[in-house]
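Asker: This is a predicted model, with the sequence first.
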Amino acid sequence: MTVDVDVVVIGAGPAGMSCSRVLAQHNVNVVVLDEQNAPGGQIYKNIEGVTEKRPADLDFLGKSYAEGIEIANRFRAEDIDYRPGSSVWQISSSVVGKRRELIYSAGGKSHKLMAKYIVLATGAIERPIPVPGWTLPGVMTAGALQSLLKTSAVYPTGKLVIAGSGPLTLQLISQLMDANIEIAAFVDTTPAGSLFRAVFHLPRALLAPEYLKRGWHLVRKLKKSGIKMYSVASNLEIFGDQKATGLSFTSRGSRYGIEADVIALHEGVIPNTQTGRLLNIEHQWDNSQNAFRPVLDGSGETSVAGVFAAGDNAGILGAKSAVLSGEIAGYAIVEKLGFIKESARDLIIEEAKLRRFIENGVRPMLEALYPAPDWIASADNETIICRCEEVLAGDLRKIVADGCAGPNQAKAFLRCGMGTCQGRMCASTVTEIIAKELKRPANMVGSYNIRPPIKPISLGELASLNEG
Amino acid sequence: MFNRLPNIIRKPIIFYFDNEPIEALEGDTIASALLSAGVVEFRKSALSHNKRGPYCLMGTCFECLLEVDGVTQQQTCLIEVKNNMRVCREETKRLITNDG
């Protein structure tokens, strides 16, 4: 059965929730599709469950997480057709009668919607970190450990080593400390000289002083914690046979080897562009974040008319900016549908943009403090880059030397990006490696073409499209 | 390798992993319930058959795939565990034989 709607919002994180709230407040017929079982996205994952059933855990999960309940409550307060547990797997590139067909899977069946506008609020993914041994059980991302704490109050035991760089590693350490969970070591991969570079961005960062205060507090807390720390770490290597048992790395000129049962990696987050790629929207390489992000107009509309992007999938700006970007896209659509006047829209959007500029004040400083890793394109030849098809960095370099023109041809040569994750875990690495080998800008190298279904579905789910 | 924080007031439930009963708590995902029960190896990689376990827990890496109630290749970090659910590991490759 096909149902006509005005807007489909994909994702119920901060951007998706705020965008759909604005739309519903203006009586727009909006459907929110989200893969998770509850609103919040990754940043506010299970915020309702924690607030209701485990409020004491908010003490260690922290203030910035607890703030999410207000956003979720405002989302729930509106009459919104919210469908959790829904995975979008196809959006048609053609428009029929001003509407675009969108297909998603939920409860083992496929469902079709015809939407005038689509908002991509699919958030971010943690940057894939191709180091030797990263496929061993026991190696996870820092975000995965946070996710366990949020959904289930489950924490790692034994020797936990956090290896990486960025605000999220500091936040995780702070949460674990407050929950009295032991951390064996923090292997900090932040390069030397970051503080010096960051100082130049201090004036703008002062626009949003609460971030500076929070960051300063985290750094001091870490220094006083007594956790074993290794700074300016590089050349990580994880070892283990059936599962991870330790890691080695270089820190300030010396090579170290330490034991570990659970290793949490993190090198920042990058936009989740999978759905946008399916629609062939235009992307551009962000040189400061080392990742692709969609090209947008002032209101968040992509190069494909009627398709908007809001939140971290549109460029990493964080949760508070995501709320504002969601609102901006919402008001732009409300105006297009004729529910408010252009002048009213402009007033609201300009104000939201100003607030977002202030909110983002700290971003340039954060990017200088925790720069995107510069070593991924130099990943060791023996390191797996495509986890699903077990393609090595050296395999890719070899076919590039033999004349492979780009990521899509690499699929044909090596099957990289063609496994179950459909390229999500190797696309960024493949672009970086090819760009370096060909000495060509990442923008020219591009990324995988993404084709439907963008989530694996069963034949039954496909066949169910023809049922009533 | 994983444990639970004590102050829990959620309802306990029982599900089955490879036919063994496992206790979980209401609201757990299948992946978080298995990790807290000590299971870290979920599957084998398609080519080398090396062991794999959950990596991202946010629906991106597809390392937590298991068969859930007879449906293969389910992302267990996205599915809430339910009473009596039957979860099992999968053979990486299915052999096609002439006698079906």
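Answerer: Thanks, I have the structure now.
Asker: make it CA atoms for all contacts and neighbour counts henceforth
Answerer: Fine.
Asker: wait, A:Ala198 sits on A:Pro371?
Answerer: No. Using C-alpha atoms under 8 Å, A:Ala198 is not in contact with A:Pro371; the gap is 9.9 Å.
Asker: Which of the two has more residues huddled nearby?
Answerer: A:Pro371 (21 against 18; other C-alpha atoms under 10 Å in any protein chain shown).
Asker: Chain B: strands as residue ranges?
Answerer: Ranges of strands in chain B, per DSSP state E, are B:2-4, B:12-17, B:20-25, B:43-44, B:51-52, B:65-68, B:71-75, B:86-88.
Asker: Pull up the pairing partners for the third one, direction included.
Answerer: Strand B:20-25 has the following sheet partners, assigned by DSSP bridges: strand B:12-17 (antiparallel).
Asker: Name the residues that touch stretch A:26-38?
Answerer: A:5-12, A:16, A:20, A:23-24, A:45-46, A:48, A:80-88, A:334, A:339, B:78-80 (C-alpha atoms under 8 Å, 6 or more residues apart in numbering or on different chains).
Asker: Repeat the analysis, applying 7 Å as the threshold.
Answerer: Contacts with stretch A:26-38, where a contact means C-alpha atoms under 7 Å, 6 or more residues apart in numbering or on different chains, come from A:5-12, A:20, A:23-24, A:46, A:80-87, A:334, A:339, B:78.
Asker: Give me the buried positions along that stretch.
Answerer: Going by neighbour count (16 or more other C-alpha atoms under 10 Å in any protein chain shown), the buried part of stretch A:26-38 is A:Val28, A:Asn29, A:Val30, A:Val31, A:Val32, A:Leu33, A:Asp34, A:Glu35, A:Gln36, A:Asn37, A:Ala38.
Asker: Need the strands of chain B in CSV (columns: mean neighbour count and mean pLDDT).
Answerer: Output for these, formatted as CSV (neighbours: other C-alpha atoms under 10 Å in any protein chain shown; pLDDT from 0 to 100):
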stretch, mean neighbour count, mean pLDDT
strand B:2-4, 18, 91
strand B:12-17, 18, 96
strand B:20-25, 16, 95
strand B:43-44, 20, 94
strand B:51-52, 22, 96
strand B:65-68, 22, 96
strand B:71-75, 18, 92
strand B:86-88, 21, 97
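Asker: could those go into a markdown table alongside distance to A:Phe249?
Answerer: Shown next, in a markdown table, are the strands of chain B (distance: least, C-alpha to C-alpha, whole Å):
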| stretch | distance to A:Phe249 |
| --- | --- |
| strand B:2-4 | 25 |
| strand B:12-17 | 37 |
| strand B:20-25 | 37 |
| strand B:43-44 | 27 |
| strand B:51-52 | 23 |
| strand B:65-68 | 31 |
| strand B:71-75 | 32 |
| strand B:86-88 | 36 |
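Asker: Among those strands, which comes closest to A:Lys53?
Answerer: Nearest of these to A:Lys53, taken as C-alpha to C-alpha: strand B:20-25 at 11.8 Å.
Asker: A:Ile450 touches A:Leu278, doesn't it?
Answerer: Yes. The pair A:Ile450 / A:Leu278 is scored as a contact, 4.8 Å apart, by C-alpha atoms under 7 Å.
Asker: Now the buried members of the contacts of stretch A:26-38.
Answerer: Using 16+ other C-alpha under 10 Å, the buried ones in those are A:5-12, A:20, A:23-24, A:46, A:80, A:82-87, A:334, B:78.
Asker: quick one: which of these sit in helices?
Answerer: A:Ser20, A:Leu23, A:Ala24, A:Val334 (DSSP state H).
Asker: Excluding sequence neighbours, find me the nearest residue to the second one.
Answerer: For A:Leu23, the nearest residue in space outside its immediate sequence neighbours is A:Gly330; the separation is 5.6 Å by C-alpha to C-alpha, 6 or more residues apart in numbering or on different chains.
Asker: from what I can see, the one you found looks like it's in a helix, true?
Answerer: Yes. Counting by DSSP: H, G, I helix; E, B strand; the rest coil, A:Gly330 is found in a helix.
Asker: got a list of what it touches?
Answerer: Counting by C-alpha under 7 Å, 6+ apart, A:Gly330 has contacts A:Cys19, A:Ser20, A:Val22, A:Leu23.
Asker: Next one: it from A:Asp346, what distance?
Answerer: Here the criterion is C-alpha to C-alpha, to the nearest Å. By it, A:Gly330 lies 12 Å from A:Asp346.
Asker: same question, B:Leu35
Answerer: 50 Å.
Asker: quick one, which of those two is more surrounded?
Answerer: Of the pair B:Leu35 and A:Asp346, B:Leu35 is the one with more neighbours under other C-alpha under 10 Å, namely 23 against 16.
Asker: what's the more buried one in contact with, if anything?
Answerer: By C-alpha under 7 Å, 6+ apart, the neighbours of B:Leu35 are B:Phe2.
Asker: before we move on, what about the one 10 residues further on?
Answerer: With C-alpha under 7 Å, 6+ apart as the criterion, the residues that contact B:Ser45 are A:Cys388, B:Lys51, B:Arg52.
Asker: and if you look at A:Met114?
Answerer: Per C-alpha under 7 Å, 6+ apart, neighbours of A:Met114: A:Thr2, A:Val3, A:Asp4, A:Val5, A:Arg99, A:Arg100, A:Glu101, A:Leu102.
Asker: Doesn't it belong to a strand?
Answerer: Yes. Counting by three-state DSSP, A:Met114 is located in a strand.
Asker: circling back to that earlier point, do you know which of the strands of chain B lies nearest B:Met58?
Answerer: Closest among the strands of chain B, using C-alpha to C-alpha: strand B:71-75, at 9.4 Å.
Asker: CA-only coordinates of that closest one, as PDB, when you get a sec.
Answerer: Provided in PDB are the C-alpha atoms of strand B:71-75 (Å, rounded to 0.1, in the frame of the first residue of the first chain):
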ATOM      1  CA  VAL B  71      15.400 -14.700  10.500                       C
ATOM      2  CA  THR B  72      19.000 -14.600   9.400                       C
ATOM      3  CA  GLN B  73      21.500 -11.700   9.300                       C
ATOM      4  CA  GLN B  74      19.800  -9.500  11.900                       C
ATOM      5  CA  GLN B  75      21.600  -6.500  13.300                       C
END
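Asker: Which strands border that strand, and is each parallel or antiparallel?
Answerer: Per DSSP bridges, strand B:71-75 is paired in its sheet with strand B:65-68 (antiparallel).
Asker: What residues of stretch A:298-309 count as buried?
Answerer: Buried residues in stretch A:298-309 (16+ other C-alpha under 10 Å): A:Ser299, A:Gly300, A:Glu301, A:Thr302, A:Ser303, A:Gly306, A:Val307, A:Phe308, A:Ala309.
Asker: Also stretch A:173-189?
Answerer: Buried, per 16+ other C-alpha under 10 Å, within stretch A:173-189: A:173-177, A:179, A:181-189.
Asker: So which of these are in strands?
Answerer: Using DSSP E, the buried residues of stretch A:173-189 in strands are A:Ala185, A:Phe186, A:Val187, A:Asp188.
Asker: picking up where we left off before, for the contacts of A:Met114, which one is nearest chain B?
Answerer: Set against chain B, the nearest of the contacts of A:Met114 by C-alpha to the nearest C-alpha is A:Leu102 (20.1 Å).
Asker: Close to chain A: what parts of chain B are there?
Answerer: B:1-5, B:8-9, B:28, B:32, B:36, B:40-41, B:45, B:47, B:51-57, B:60-62, B:78 (C-alpha under 7 Å from any C-alpha of the partner chain).
Asker: can you give me the offset of whichever helix or strand A:Leu236 is part of from its chain's centre?
Answerer: A:Leu236 belongs to strand A:233-240 when assigned by DSSP states H and E. Averaging C-alpha positions (C-alpha atoms, centre = their mean, to the nearest Å) puts strand A:233-240 24 Å from its chain's average.
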